[in-house]
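**Q** Sequence and predicted structure, then a few things I'm wondering about:
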Amino acid sequence: MLFLAIFAVIAASAIADPETQSYSYSPPAGSGSGSPFSIIGEGRITAVRVWVVLHTRFRYGFTWSSVAGSTSGQLQERELSDGEAIIQISGMYSHYVQSVVFVTSKGRHFEAGHPSGTSFNMYPSHKGAELVHISGTTHGGITSIAALWGRVDTSATHTEH
């Protein structure tokens, strides 16, 4: 009887409705050498800054995150419009992340870097999710990148200037 109860719990969790899941994780792409970094904030990401040689930072509402890497190289910045979210990250890496492309829920994309090496592609595993957090490693530039996807409470994000 205990076996049937355990089996029922395991089976129920295996077939859980993916629409009710809140988060998914894209594992790291890149060499992984160096020191760990994590970029996280509250609410929806409202802008992205990338320094070519690939150092990254996000703005959550009005607040900029810390920089992953340094601020050397040419700065590129993109603001997201109201209701727009990052829903895919792709790019290429060798020892360092060489290029990155952020794709938004409104079909826009933001490219930075110089593509070469091995390709990667990251996206949420369930509908309605968006990029909420990136992490990885840096050694001068970004050597690996991973993504956490989830649903965002947009009432906590204010994008007025």
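**A** Right, received. Where do you want to start? Numbers count the residues shown, from 1 in each chain.
**Q** Let me know the next secondary structure element after the helix or strand of the chain with the lowest mean pLDDT.
**A** Each helix and strand of the chain was given a mean pLDDT (mean pLDDT, DSSP states H and E); the minimum falls on helix 2-14 at a mean of 35. Sequence-wise, the next helix or strand downstream of helix 2-14 (DSSP states H and E) is strand 23-30.
**Q** Next, the buried residues of that next one.
**A** For strand 23-30, a neighbour-count test (16 or more other CB atoms under 10 Å) marks 24, 26, 28, 29, 30 as buried. To be clear about C-beta, it is placed using only N, CA and C from the backbone, and glycine gets the same treatment.
**Q** what pairs with the next helix or strand after that strand, and is each one parallel or antiparallel?
**A** Once the chain leaves strand 23-30, the next helix or strand it forms, by DSSP H and E, is strand 35-40. Strand pairing for strand 35-40, using DSSP bridges, gives strand 130-139 (antiparallel).
**Q** tilt between the partner strand and strand 23-30?
**A** 30 degrees (axes from the mean of the first three to the mean of the last three CA atoms, to 10 degrees).
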